[in-house]
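Asker: only geometry, no sequence info:
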């Protein structure tokens, strides 16, 4: 853990003083020994590290930052056991510079750089001893190399020890009291035994450098915003690159829900503090986050398109792009997506996409979600859904609970649309989601094939159940034309992930889409978190991931919430300890964000957690029966009568339900279902609903009570989608036990 000095081939030339210090036993303990966990790291010396060593050190620093929730401390010139390394100023200063370069590559800054001297002295016998005089120790605060508010070194005065004893040197007589004061300036030679303490803070709210340099460039001495090396421009750029990044005053500046301070210093690439790219990560992931459901037949190339968009690379025609985003091994082997996954596509304020691969620092590494979120002004969350009929229920649940603003309907241009394409169109329109049709694999496609496919798709779009007018998008002007008219138009694009045809136009379309769901309008409502998945993280405990549907929450030891309902209808009272958004630690979550919450639950209570639950802060209640206005979709013949059983999807809730009572809706006026009247009939068992019918039905959950509210949109199916509706009332509300 200590140093690169152990690697002999990397040792720099040292003078006789350093050789003598290396031979001396390092036994003077100045601080406590290092612990494996936590946010504190000890380094003896860093000297000419290789590229692989730098990557290892960057990974280690990232771990320390995570342990300290964005802040860590590095002690340079100190052994793992806390003993002084007995190194000179120049060696320690160069090692501290390398540590700062590693921090900058992780979008972190050095808040404080303390140089400590005169702590250890060499006695006449040649042995190192700890200085007994606390006041004699020199602690100097130096400006960081890659960003300083000034260019001056200031001396920090130390307080007296608790015992208040004066050292022998302080017991001066009257004649010695008039002597000149001892020099308190920092000794920058290798004769001065020095250690350094660095306080490092990760910046969560924005990207520090508009054009980040690679770690090797930083280590080589190239300064951010310049192209000259450190030897020629060090004195000039050190002051010009003055940079506090809004973190010098308080650690709260890195809390992602805070606004960028108005007095934040000018950053290269961010000259205007009110420019569009000064949004915080929280705003980017809520107000500027467009959620897009990607659906289509099994051979349409959904995963390939998402992989090509997020990595900014072209496919090789053999599944390279889809392999980069698939989750399970069987998906990679078969090429079929079986689960609903989300992927972030980031945009800068100019519309330029942020590549999913870090081409500057490590071309082979894929960027994490937090890195993309920090750099983005706008984010498109692409929801990859299954296309095979075998996984239709997974796709229905993904559309129902995904809170999608828009839907991408992918069609293989080489084959006519299938019945699954019709199902996906009906599914999106049933939830009121505007659709964009994308024809894929147009490279090398015969003209008659794509013409035939377009005719079939246009026929589907113009059908009364869909009611959309196809609009061909051929240039950026067409993109501007269809914006604001997506409730009646269905834009049609042609793309190829192999040749790149139409990909730039598709990116322009995704960037231009306006936010449709205004979740920020629900901030004043009670907190409501929809649980989508459950994890058991070692050292953390139960973690639930999902979507904040309403309200806001400040997590912490005093944040009491209710999670449920359980199988018996009760809610579990617990504490929301911490929260993450796009893998970024935060203390505040608000409506419209996908987040993870760490809950304080025992081992037995964790077993009661399941998907489909909610996390509430007030008024926990659930119900087993509810009323809904439904409309039976036209299509394959089906009849609905009393005791009809169907699988119901209500946001993240999915469960079998029985129809206990059916009542016709009188007239079209007053109904909130935007579908027409249909046919119905009566038999000896009561009212019978057929395709196109509309009625008010009382449903009862078959297994357990659920948390639902009036106004939620529902969908029911028995194999395939049979109808949609809106909940109008809930009955038999059970209070928390």
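Answerer: Looks like it came in fine. Everything quoted here is computed from the prediction, not taken from an experiment.
Asker: now residue 330, what's its secondary structure?
Answerer: helix (DSSP: H, G, I helix; E, B strand; the rest coil).
Asker: ok now do it, which residues does it touch?
Answerer: residue 338 (C-beta atoms under 8 Å, 6 or more residues apart in numbering). For every residue, glycine as well, the C-beta is placed using N, CA and C.
Asker: residues contacting residue 708?
Answerer: 623, 626, 650, 653, 727, 730.
Asker: Now the fifth one: phi and psi?
Answerer: Geometry field for residue 727 lists phi and psi as phi -70, psi 130, criterion degrees, to the nearest 10.
Asker: Share the number of residues neighbouring it, please.
Answerer: Residues near residue 727, counting by other C-beta atoms under 10 Å, number 20.
Asker: got the contact list for residue 394?
Answerer: Going by C-beta under 8 Å, 6+ apart, the list of residues near residue 394 reads 338, 339, 340, 385, 386.
Asker: swap the cut-off to 7 Å and go again
Answerer: Residue 394 makes contacts with 338, 339, 340, 386, as judged by C-beta atoms under 7 Å, 6 or more residues apart in numbering.
Asker: What of residue 372?
Answerer: Counted by C-beta under 7 Å, 6+ apart, residue 372 has contacts 344, 346, 354.
Asker: again, but for residue 535
Answerer: residue 543.
Asker: Dig out what residue 412 forms beta bridges with.
Answerer: residue 440 (DSSP bridges).
Asker: Could you check how far the residue nearest the centre of the chain is from residue 113?
Answerer: Here the mean C-alpha position of the chain is nearest to the C-alpha of residue 582 (C-alpha atoms, centre = their mean), at a distance of 1.4 Å. To residue 113, residue 582 is 30 Å away according to C-beta to C-beta, to the nearest Å.
Asker: picking that back up, farthest-separated two in the contacts of residue 708?
Answerer: For the contacts of residue 708, the maximum inter-member distance is 12.2 Å, found between 653 and 730 (C-beta to C-beta).
Asker: Can you show me the helices along the stretch 351-500 of the chain?
Answerer: Taking DSSP state H, counting those that start in this stretch to define them, one finds helices in the stretch 351-500 of the chain at 369-375, 392-401, 419-430, 447-462, 476-482.
Asker: Compare the mean pLDDT across those and name the weakest.
Answerer: If the helices of the stretch 351-500 of the chain are sorted by mean pLDDT, helix 369-375 sits at the bottom with a mean of 80.
Asker: could the contacts of residue 708 go into TSV alongside distance to residue 134, secondary structure and pLDDT?
Answerer: Formatted as TSV, the contacts of residue 708 follow (distance: C-beta to C-beta, whole Å; DSSP: H, G, I helix; E, B strand; the rest coil; pLDDT from 0 to 100):
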residue	distance to residue 134	secondary structure	pLDDT
623	68	strand	92
626	72	strand	94
650	67	strand	93
653	65	strand	93
727	71	strand	94
730	69	strand	90
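Asker: a markdown table please, covering those residues and showing distance to residue 689.
Answerer: A markdown table is the format used below for those (distance: C-beta to C-beta, whole Å):
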| residue | distance to residue 689 |
| --- | --- |
| 623 | 23 |
| 626 | 17 |
| 650 | 19 |
| 653 | 23 |
| 727 | 18 |
| 730 | 22 |
